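1. need a 3D model of the following:
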Amino acid sequence: MNSVLQVEKLGHYYADHTALEDVNLEVAEGELVSIVGPSGCGKSTLLRCIAGLIQPSQGRIALNGKEITDVPDNLAVVFQDYSRSLLPWLTVRDNVALPLRRRGRSKAERQAAALGALQAVGLADAAHKYPWQLSGGMQQRVSIARALAYQPALLLMDEPFGSVDAQTREDLEDLVLRVRKDGMTILLVTHDIDESVYVGDRVIVLDRAPGRIVADLAVGLPQARDQITTRELPEFVHMRAEVGRLVRGQAPPGADLL
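-> Numbering: from 1, shown residues only. Alright, predicted model coming up:
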């Protein structure tokens, strides 16, 4: 399987604070990789370095073999604050179509791609509405549709469901699982341990600052997942507990404590 993202010996410093240190990560084409860790461990800093929004202090990041030195053209980001990422004076369809101008698409092509993406997230009927007329969950669906229409090589998601209610969060998790069936490569940062296991093919756990990768865990769950039966599986319960212990810096049962 082709490697889409390569992160090598990445480090980043803010004045006298070390946010990330010696981070090495590889993401294959079509993978959905979750990143979790305690508060302040550098999860969002890592995502922003990958997005080209921050120039790392050291190390190398490459997307499809090309080193990232600025915001890449073939990358999309879905942020937690959906209300600030959508332009209130544009319709939902025009918000989704807007980034496609960078692709050199005609207006007709942009509109068609936007409607197709909105159909994929269940919002085709809202195409002519404005973002402020939609609920928070629907606005985040618009943000996801915009990323789908752009067809990036890599989709970054930074705590994308942290500002919605629990039921909407589950619906959006399932939406992401449907989206990735088309082979989209996704790197998702979350503070929710259950979510990281439920949606991920792998779970990357960062240590407390300075952020380092302390575990890279394969999620051995069936590809077909749902909110009830998947979360009842012994494999899910075991993985959730293992990730939880790592995030909290706890030793596994039976380990010798020094």
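2. tell me what whatever helix or strand Glu195 lives in is packed against?
-> Here Glu195 sits within helix 193-199, counting by DSSP states H and E. On a contact count with 3 or more C-beta pairs under 8 Å, 6 or more residues apart in numbering; DSSP states H and E, helix 193-199 meets strand 32-36, helix 166-179, helix 229-232, helix 234-247. No exception for glycine: its C-beta is placed from N, CA and C like everyone else's.
3. any buried residues in the second one, and which?
-> In this case it means helix 166-179. By neighbour count on 16 or more other C-beta atoms under 10 Å, the buried set for helix 166-179 is Thr168, Arg169, Glu170, Asp171, Leu172, Glu173, Leu175, Val176, Leu177, Val179.
4. can you pull out the strands in the stretch 51-200 of the chain?
-> 58-63, 66-67, 75-78, 154-158, 186-189 (DSSP state E, counting those that start in this stretch).
5. next, format these as a markdown table and append mean neighbour count.
-> A markdown table is the format used below for the strands of the stretch 51-200 of the chain (neighbours: other C-beta atoms under 10 Å):
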| stretch | mean neighbour count |
| --- | --- |
| strand 58-63 | 17 |
| strand 66-67 | 11 |
| strand 75-78 | 22 |
| strand 154-158 | 23 |
| strand 186-189 | 25 |
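6. for those strands, give me CSV that also has distance to Val197 and mean pLDDT.
-> Formatted as CSV, those follow (distance: least, C-beta to C-beta, whole Å; pLDDT from 0 to 100):
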stretch, distance to Val197, mean pLDDT
strand 58-63, 26, 93
strand 66-67, 32, 90
strand 75-78, 20, 88
strand 154-158, 16, 91
strand 186-189, 12, 93
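7. dump the residue contacts of the closest residue to Glu31 other than its chain neighbours.
-> Distance criterion C-beta to C-beta, 6 or more residues apart in numbering; nearest residue to Glu31, sequence neighbours excluded, is Asp201 at 5.1 Å. Shown in contact with Asp201 (C-beta atoms under 8 Å, 6 or more residues apart in numbering): Glu31, Leu32, Val33, Ala218, Val219.
8. is it correct that the second one is in contact with Asp182?
-> Spelled out, that is Leu32. No: counting by C-beta atoms under 8 Å, Leu32 stays clear of Asp182, with 11.8 Å between them.
9. those two: who's more crowded?
-> Leu32 (21 against 10; other C-beta atoms under 10 Å).
10. any idea how far Ser3 is from Leu10?
-> Distance of Ser3 to Leu10, given as C-beta to C-beta, to the nearest Å: 16 Å.
11. wasn't Glu26 part of a helix?
-> No: under DSSP: H, G, I helix; E, B strand; the rest coil, Glu26 falls outside any helix and is assigned strand.
12. I'm done for today, thanks for sticking with me.
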